[in-house]
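K.L.:
Build me a structure from this.
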Amino acid sequence: MADQEDEEVFEIVDFTSASEWEVFISRLEEILLSWQLSLKDKEEVVTSFVDLNGDWKSSSEDISFAGHPFILTHHWVEQSTVTNEVNKVELVTDKKGCQVFASLMDNRHDFPFNCLPLAKYYGLSDFVVITPAGNEMLTSEDRINLLLSSITIAVGNIQSRAPVFVQIHSKSQQLYQGTFECKNLRTDFQMVHLKRIPPTCKCLSGLIELFKDKIGSTPLEPVDLSICWTYSLSDVRNGGWEKWPQPPPDFESMGGVVGNAALGQLGFGAIRDPIKEIRVSAVWTGLNEDVVVDSEVYSDLDPVQAPLWIARLVLNEQVPSLLIKSLCSFLDLCRSSESIEQLLGKNYTVLQSPDSPEYERALGALTKERKGYGLLSSNRLPFGSKKAQTGGPIPEAMMVNLLNYLFPDAEGDLESQTHPYPEQFQTDCSASIDSTWKEFFSAFKTSPVDSLVWRLATAAVYTMTHLNGIEGVAHLWHEIVLELRFRWEHGYTIPGLETGGVPDLNYCRLYQKLQMLNCCINHKKAGNSAPPVEATDEDEFYDAEETLESMEATPQKERHSVWNQPQGRKERTKMKLLRSGETLYEPVTQALLPMTEDMVEEQSEMMEQLGDNAEGSELRARILSASLLSDMEAFKAANPGAEMEDFVRWHSPRDWIEEEVMTSDGCKMEGRLSGRMQAPGNLWQEMWRAAKPIVAWRQKRLFDDTKEAEKILHTFSALRPAQIATLLLPTVMHASIHRLLEELRPNIQLPDAVSNCRAAIAKIVQIARHSPLDLQQYEDLLPVLQKIEVRLSQFNSLRRRIIDYGDWEGIDEFVTRLLIDGNVSLTGGSHSPAGKALLKAMGSLNKKDTSSGLPSPVKKEFVLRAMAHRPGNGSTCSCQKLFCSVDEDSVRLAGAWTQDTLFY
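P.N.:
As a prediction, the model looks like this:
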């Protein structure tokens, strides 16, 4: 019984539910309506000319049909319209009409360069594309027709103002089919791409015949023609080296050593040509089939006589550059972990301990007689292991060049120096850079241009790039430390530093350390010399105006005891000692303690650790007043019998207060110490009582030059190559942007390069003052520097290509426009200045067409237009268009065929 009931059950199909096809059409209509593409109950106003090379925008939505995903994308161009009445298109209607038909018939849209393929083929500025999602392709003719029919229904239902296309076959082929409806007219967009070129497509006459056959009826007027022949100048650089993107090094002048002349400059330029090719298009517009003939045997088209030429630039992508390559390798050096001893061997490290068995040999080598006083000469090798006997990682001749570049005074006097230092250092940028950039460099915390640290930074980059990498840097630093030690021990000052006496905290720490080492050398030399000549009372001189009475009134020199003779007098003052009335002399004092930035930080940290209690405060005051005690002792030695009041009057005048006092003899000036100097337990009072009359050169040294110098040299010798690179990195970045600005000459007006330079400078100023150093911030800066370098390399390469064939006043402006816009229209064609140069360049190519004397075009493009009655003579007259692109091995045909759907 149950089996019989099962047999009676049958499936009920609800034909009122929507099918997948209907759901797809409904969803498509919904999206098009949301994009406001419907013209239902509206009349479209034709927009005047829109530049298809403008800014293209897009909006996308996902859609599916029969389980297959698609992406629906709306493309449109945003560009200010031209309101000139002369440029308006003559439409079927007077002011209102169809924008799509107007675009199809407007020859001002022909041959755009920076636009989407469909915009180029049909001249459209607004359209919708359906593309299969992922890697799927539409290859089945049935599926394509089903999708097109669905689109036709949706477009007709909402009266879309934009045509809708479907991408078919492989996405790389850029093949589309589409449809558009406007009232009783429907336009079918069809496309063909053939690998073999049919004979009818090789010339204009065959295309006109093909076009008329497709229309099926005689056009009302002769076929309107637009023609573009494109020539490639990719082979222009095949001449001599002068057409390279940058000149090669002069091997002969370098004596076989490449790079010696480039030690003072970082590398610059593209490693391969950043310019792929220059394309020149000869364009004819507004022709018709009755005035031009172009067949297989004869052609009226002469590119030289074309009214318009368009120059286009094709760039190579991801071009490597020398400067960025060098900076990347230098940043890799900053991340290394090897020590100099690990890289060069134990015998290569700087000998520090006198107990070392090779210390005696080292001292013998240092004191050896040699030319100049540089560590290395042409007759000497680094001492040490067997490696040293073979010259080490850097060849001996190259090492001598490097050291002579860093320490040119070792070569002799100024006239014999190959790379002398400038008399005055530029703290911001050199004179070779436009002065408008100087204000941007004012906040740099690196080193002066072309100073020792600057040269050391560029030499380190060069060594890392060209001389055995990290081992070469270790070898170079090892020799530099030995040179610095030799100069310290023998009293030779270090060149390439500002002679300010004390380290300048506005520069980087390495520069401060070298300045401190120079201070130690100068202090040591001054300490080894004889004491200064002292001033005495016999040295007094009187002006002619002084009277005899004033001379007689001058007190004679008081005779002091043998054990209390004045010493260390520097110069006379106009003041008198309060007690004895003798002249007060300014004493010779010890120089202030020079300090580097890290020393200031160490002292501040130590002061903080003393605490805030009374004992800590007293100890802090005594530490800071060490120089005060020295000055008191020197003052007592120079002025025997002086009181503390005398010292205060000279050392701290604001603590000596003079007041008018009424006496029996009248008003007179009397002085006294300030309140803080008379306070109980005043530190100055205690120190004055403890101070002994000791001349400055016999006091305990406030600045221990030996200790400080050995401390610096020990720190230098213990540095790893990564630490050396880290100290030099801010200066390397300064030198890098400086190198780029040398190439950014005032005649180069590249807004993107200028803005990137300003951004890079601001970033370098910020990160150079950041402590501790963050390598990631420097690495993030490289893409900006690469954009600048590649852009300037493109300018140099393009200019070098063109200037050999013609140099005119506006060549820099032409090159700049070509780089920024990508294309430049040359009105007058080959008769314009730029056209003459390009014509000469094309004439220099090998592959030539015998008829025109120019090379064969790499591409021919044709646009054919006509108004015709389709499908029958009683149909509404509508626009027909055919675009044809003929390459060397393929042809593409894109047609827009309009027909009347109401009157056949």
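
K.L.:
what comes up buried for stretch 221-232?
P.N.:
By neighbour count on 16 or more other C-beta atoms under 10 Å, the buried set for stretch 221-232 is 223, 224, 225, 226, 227, 228, 229, 230, 231, 232. Every C-beta, even on glycine, is put in place using the N, C-alpha and C of the backbone.

K.L.:
same deal with stretch 155-163?
P.N.:
In stretch 155-163, counting by 16+ other C-beta under 10 Å, buried: 155, 157, 158, 159, 160, 161, 162, 163.

K.L.:
got it, and stretch 393-410?
P.N.:
393-394, 396, 398-410.

K.L.:
most centrally placed residue in the protein?
P.N.:
residue 785 (2.4 Å; C-alpha atoms, centre = their mean).

K.L.:
Average pLDDT for the top strand by length along the chain, rounded please.
P.N.:
In the chain, with assignment by DSSP state E, the single longest strand is strand 275-288. On average, the pLDDT along strand 275-288 is 91.

K.L.:
Tell me which other helices or strands that strand touches.
P.N.:
strand 224-232, strand 308-315, helix 775-803, helix 833-843 (3 or more C-beta pairs under 8 Å, 6 or more residues apart in numbering; DSSP states H and E).

K.L.:
can you tell me which of the ones you listed comes nearest to residue 271?
P.N.:
helix 775-803 (9.4 Å; C-beta to C-beta).

K.L.:
buried residues in that closest one?
P.N.:
Quick answer for helix 775-803 (16+ other C-beta under 10 Å): 775, 778, 781-782, 784-803.

K.L.:
and what of stretch 438-455?
P.N.:
440-441, 444-455.

K.L.:
quick one: secondary structure of residue 265?
P.N.:
At residue 265 the chain is in coil, as set by DSSP: H, G, I helix; E, B strand; the rest coil.

K.L.:
list the contacts for it?
P.N.:
458, 739 (C-beta atoms under 8 Å, 6 or more residues apart in numbering).

K.L.:
which residues are contacting stretch 61-76?
P.N.:
20-21, 24, 27-28, 31, 35, 37, 56-60, 116, 118-119, 125-134, 136, 147, 150, 162.

K.L.:
pLDDT on that stretch, on average?
P.N.:
92.

K.L.:
do the same with stretch 392-402
P.N.:
Here the average pLDDT along stretch 392-402 is 85.

K.L.:
how far is that stretch from where the chain is centred?
P.N.:
Centroid displacement of stretch 392-402 relative to its chain, using C-alpha atoms, centre = their mean, to the nearest Å, is 32 Å.

K.L.:
again, but for stretch 68-79
P.N.:
36 Å.

K.L.:
now swap in stretch 676-686 and tell me
P.N.:
60 Å.

K.L.:
Of the buried residues of stretch 155-163, which is the nearest to residue 599?
P.N.:
The closest of those, once distances to residue 599 are taken by C-beta to C-beta, is residue 162, at 72.8 Å.

K.L.:
State the pLDDT value of that closest one.
P.N.:
Taking residue 162 on its own, its pLDDT is 93.

K.L.:
what does the one 3 residues further on give?
P.N.:
Taken from the predicted model, the pLDDT recorded for residue 165 is 96.

K.L.:
can you pull the contacts of it?
P.N.:
Residue 165 neighbours (C-beta under 8 Å, 6+ apart): 118, 127, 128, 129, 130, 176, 177, 178, 189.

K.L.:
Now, these that are in helices?
P.N.:
residue 118 (DSSP state H).

K.L.:
Pass me the low-pLDDT residue ranges in the stretch 651-800 of the chain, would you?
P.N.:
Across the stretch 651-800 of the chain, the ranges flagged by pLDDT under 70 are 661-666.

K.L.:
quick one, strands of it?
P.N.:
656-663, 666-673 (DSSP state E, counting those that start in this stretch).

K.L.:
Turn the ones you listed into TSV, including mean neighbour count and distance to residue 841.
P.N.:
Below are the strands of the stretch 651-800 of the chain laid out as TSV (neighbours: other C-beta atoms under 10 Å; distance: least, C-beta to C-beta, whole Å):
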stretch	mean neighbour count	distance to residue 841
strand 656-663	11	85
strand 666-673	11	89
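
K.L.:
Of all these, which one is nearest residue 769?
P.N.:
Closest among these, using C-beta to C-beta: strand 656-663, at 41.8 Å.

K.L.:
got the contact list for stretch 644-658?
P.N.:
With C-beta under 8 Å, 6+ apart as the criterion, stretch 644-658 contacts 573, 575, 577-579, 584, 586, 628, 631-632, 635, 639, 669-674, 676-677, 684-685, 688.

K.L.:
are any of the residues you listed buried, and which?
P.N.:
Buried, going by 16+ other C-beta under 10 Å: 577, 584, 586, 628, 631, 632, 635, 639, 673, 677, 684, 688, out of those.

K.L.:
Next step: the residues you listed restricted to helices.
P.N.:
Those of the buried ones among the contacts of stretch 644-658 lying in helices (DSSP H): 628, 631, 632, 635, 677, 684, 688.
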